[in-house]
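> Give the three-dimensional model of this entry:
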Amino acid sequence: MMTESATKAAKANPPAEKLKKSGGKLGRYILVRLLLIVPTVFILVTMVFLLMRTIGDPITAALGGKLPPDQLAERIHAAGYDRPIWIQYFEYLGHIATGNFGTTISDNRPISQVLFTYGPATLELAVYGLIVAFIVGIPLGMLAAYLRDKWPDAMLRVLAILFYATPVFFAGLLLKLIFSVWLKVLPVNGRASVGTELNLQTLDNPTNIYIIDAFRTGNPDDVLNVLTHAVLPGIALGLLTAGVFLRLVRLNVIGTLSQDYVDAARSRGVGEFRLVRKHAYRPALVPIITVIGMQIALLLGGAVLTETTFEWKGLGFMLVQYINARDYVAVQGIVILLAIIVAITNFIVDVIAALIDPRVRY
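Model (predicted):
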């Protein structure tokens, strides 16, 4: 017969078979999520390819009327756009499998080079937006939960809707009008001033992530210059996601406050603010982690308008330039690259969520 101490030890130290079983489920979950990336990317590539081909061949779309008919026909034949579409499709799949996303028509650059040149700027802006979303959305969500069913809670919920519903370009223009034109305290456009950009370009092997390169220069003025240029674009993009975080945190904190262990703490005389801060805060963050993957797609989509509004030269800014130039090869490549980034980010977030909350993988 098992003694009381042995029973406690068994509960404190789960059997190896149980741990192995849990680890096996986690491994299967990660494998399934990883394998799902392939059909997801395949469907996206197919849809983008077919949509781009509905406008005709990319050479004619970009250079039609700019070249004589014989030169245009020669360029179309050299690029293989006069072949059956199914041959072009399978050839394009083969190129993507080897990491070749094509070459732009308007400036004759490999699309992979465009990614490495302008992608870091979009990544940097997305991180700024995510930081703003955390700083604004999570504290306001906790405050709304603490003041639930009172007039500040109602105002914060309306504010969350306004954050989410306001177009990014409108928020950007409004911020520029207030802080750049009226108050004259923040820069209007760009990622840095001309002098700072020259300093960053003189570095060996620059990352093109300006805040990192600014720290590498060792000049505090460069760091401050980069940060001041990032304030308005970061806020304009971050408020979009802050509205989602505010409502999600409020909902989950209120749900946690109705749990039995919180009621027990409340019966012992623990104050409501302490309950929100100590007992309901951390459980409410788990759903935030699970939706970050979806918000990355939202941030990348909003980055297109944000970069255009603030002339922030990232992938979104270049995407608009290529659309205006009717360079649909470049548009196709950039859209597919962004889709792959979103798919991989969702996979990473799903794995992190499964590690934090075992219920995700069951």
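
> For stretch 189-199, give the mean pLDDT please.
Per-residue pLDDT values over stretch 189-199 give a mean of 93.

> got it, and stretch 143-163?
For stretch 143-163, the mean pLDDT works out to 92.

> contact partners of that stretch?
If you take CB atoms under 8 Å, 6 or more residues apart in numbering as the criterion, stretch 143-163 is touched by 136-137, 140-141, 239-240, 242-244, 246-247, 249-250, 253-254, 257, 272-273, 276, 280, 284. In short, each C-beta sits where N, CA and C put it, glycine included.

> then that stretch to PDB, C-alphas only?
What follows is stretch 143-163, C-alpha atoms only, in PDB (Å, rounded to 0.1, in the frame of the first residue of the first chain):
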ATOM      1  CA  LEU A 143      -7.900  49.500 -16.900                       C
ATOM      2  CA  ALA A 144     -11.100  48.800 -18.800                       C
ATOM      3  CA  ALA A 145     -11.500  45.500 -17.000                       C
ATOM      4  CA  TYR A 146     -10.800  47.100 -13.600                       C
ATOM      5  CA  LEU A 147     -13.400  49.800 -14.300                       C
ATOM      6  CA  ARG A 148     -15.800  47.400 -16.100                       C
ATOM      7  CA  ASP A 149     -19.400  48.500 -16.600                       C
ATOM      8  CA  LYS A 150     -18.500  52.100 -15.700                       C
ATOM      9  CA  TRP A 151     -18.300  55.100 -18.000                       C
ATOM     10  CA  PRO A 152     -14.500  54.900 -18.400                       C
ATOM     11  CA  ASP A 153     -14.900  51.300 -19.600                       C
ATOM     12  CA  ALA A 154     -17.500  52.300 -22.200                       C
ATOM     13  CA  MET A 155     -15.200  55.100 -23.400                       C
ATOM     14  CA  LEU A 156     -12.200  52.800 -23.700                       C
ATOM     15  CA  ARG A 157     -14.300  50.300 -25.700                       C
ATOM     16  CA  VAL A 158     -15.300  53.000 -28.100                       C
ATOM     17  CA  LEU A 159     -11.700  54.100 -28.300                       C
ATOM     18  CA  ALA A 160     -10.700  50.500 -29.200                       C
ATOM     19  CA  ILE A 161     -13.200  50.500 -32.100                       C
ATOM     20  CA  LEU A 162     -11.800  53.900 -33.300                       C
ATOM     21  CA  PHE A 163      -8.300  52.600 -33.200                       C
END
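
> can you give me the helices for the stretch 151-300 of the chain?
151-165, 168-175, 194-201, 210-217, 220-257, 260-267, 272-274, 281-310 (DSSP state H, counting those that start in this stretch).

> what's the helix or strand for residue 115?
Residue 115 belongs to helix 111-146 when elements are defined using DSSP states H and E.

> how far off helix 151-165 does that helix point, in degrees?
With axes from the mean of the first three to the mean of the last three CA atoms, to 10 degrees as the criterion, the two stretches helix 111-146 and helix 151-165 enclose an angle of 170 degrees.

> Sketch out the low-pLDDT regions of the protein for me.
Applying pLDDT under 70 to the chain flags the ranges 1-24, 279, 284-285, 293, 356-362.

> redo that, cut-off 50
Within the chain, the ranges that satisfy pLDDT under 50 run 1-2, 5-10, 12, 19.

> Just read off the phi/psi values of residue 103.
Dihedral pair for residue 103: phi -130, psi 140, per degrees, to the nearest 10.

> Now for it: which residues touch it?
By CB under 8 Å, 6+ apart, the residues touching residue 103 are 109-111, 329.

> Can I get those residues in a markdown table including neighbour count and distance to residue 98?
Formatted as a markdown table, the contacts of residue 103 follow (neighbours: other CB atoms under 10 Å; distance: CB to CB, whole Å):
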| residue | neighbour count | distance to residue 98 |
| --- | --- | --- |
| 109 | 13 | 18 |
| 110 | 14 | 12 |
| 111 | 20 | 13 |
| 329 | 23 | 17 |
